[in-house]
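Participant: Sequence first, then the predicted structure:
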Amino acid sequence: MVAGRVNGFLVSATGNPAVLSRTGLREGDIITQVNGQPLTNPAALQSQLSPGARLSLTVERGAGTVPVALTLEGNP
């Protein structure tokens, strides 16, 4: 990791802002870990996504880190 740089996946806007707000995520968040595992490539995230999956996310938000817990609904 390069100093001042965060490795992860950027959360961008969805078609329906209410969907994003229900998750506890915000546009601009960077998801860095899922269930305690660092996200190093898209497959690391995709392998965790299935309907009903409970996810514990580590999210970089602004200058801090916040935990976000959510349960997936429907198709990822």
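Facilitator: Good, I have the coordinates.

Participant: going forward, measure contacts and count neighbours with C-alpha atoms only.
Facilitator: Fine.

Participant: how about the residue positioned nearest the centre of the chain, phi and psi?
Facilitator: Taking Cα atoms, centre = their mean, the centroid of the chain lies closest to residue 31, which sits 3.7 Å from it. When read as degrees, to the nearest 10, the backbone of residue 31 gives phi -80, psi 120.

Participant: The chain should start at 5 in everything you say after this.
Facilitator: Noted, 5 is the first residue going forward, which turns the last one into residue 35.

Participant: so what pLDDT did residue 6 get?
Facilitator: On pLDDT, residue 6 comes in at 43.

Participant: Return the distance of the helix or strand bottoming out on mean pLDDT in the chain from the chain's centre.
Facilitator: The helix or strand of the chain with the poorest confidence is helix 21-27; it has a mean of 78 (mean pLDDT, DSSP states H and E). In terms of Cα atoms, centre = their mean, to the nearest Å, the centre of helix 21-27 is set 13 Å apart from its chain centre.

Participant: Quick check: which helices or strands does it pack against?
Facilitator: Counting contacts by 3 or more Cα pairs under 8 Å, 6 or more residues apart in numbering; DSSP states H and E, helix 21-27 packs against strand 68-75.
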